[in-house]
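1. Dropping the sequence and predicted coords here.
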Amino acid sequence: MINIVLPVDFGDSTDKLISGAVKFAKETQGRICLIHVAPADIGFAIGDMGFQYFPEVEQNEIKEELLRLNNIQQRILAQDIDCEHILKQGVAGDIILDYAKEKNAGYMVMGSHGRSGIYDVFVGSLTKELTRRSSIPVLVIPIH
């Protein structure tokens with residue numbers, strides 16, 4: 001069975017991305033490996049006292065994101081597609097590529113938001129980065 005890595009960020013395009021990945025998984029008899037990468041600095045805030053760390057904020061955010069991942073997994077499983085999920089913290093590009101290697105993935109599914117030019121110069125694009133750095137094919141689903 002082909003493992004298909006599907007990074008999700010819970011943004012507005014997540015539903016369309018999931019639909020595209022499910023369709024692709026059905027066509028390839030693949031299984032979806034969901035991954036969400038949370039920032040490493042989730043519990044940090046800047047205030048009058050400078051940087052402060054609030055572990056309860058981080059714990060609550062992680063719990064919420066795991067619940068969202070579980071809900072997405074259940075939606076995918078309900079469509080007769082095998083699925084697992086994981087949440088990691090750190091630098092998204094590196095973690096996603098490491099996860100794809102760990103899973104011996106055959107494909108990665110990403111979304112394209114139709115942004116280009118000056119946006120990529122200042123902000124960058126995870127899809128663009130992973131397409132460039134990945135050793136496996138990356139299916140880019142247009143999100144408009």
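-> Perfect, I can see it now. These figures come from a predicted structure and were not determined experimentally.
2. Please, where are all the strands along this protein?
-> 3-7, 31-38, 44-47, 50-53, 83-89, 107-112, 138-142 (DSSP state E).
3. and Ser19, which of those is closest to it?
-> Proximity to Ser19, assessed across the strands of the chain by C-beta to C-beta, is greatest for strand 138-142 (8.6 Å). In this view, the C-beta of every residue, glycine as well, is placed from N, C-alpha and C.
4. The closest one packs against which elements?
-> With contacts taken as 3 or more C-beta pairs under 8 Å, 6 or more residues apart in numbering; DSSP states H and E, strand 138-142 sits against helix 14-28, strand 107-112, helix 126-133.
5. Buried ones in that strand, by neighbour count?
-> Going by neighbour count (16 or more other C-beta atoms under 10 Å), the buried part of strand 138-142 is Val138, Leu139, Val140, Ile141.
6. Same check on stretch 90-100?
-> In terms of neighbour count (16+ other C-beta under 10 Å), stretch 90-100 has its buried residues at Ala92, Gly93, Ile95, Ile96, Leu97, Tyr99, Ala100.
7. ok, what's across the strand from the closest residue to the last one other than its chain neighbours?
-> In space, and not counting its chain neighbours, Ala100 is closest to Val5: 4.6 Å by C-beta to C-beta, 6 or more residues apart in numbering. In this structure, Val5 has the following beta-bridge partners (DSSP bridges): Cys33, Met108.
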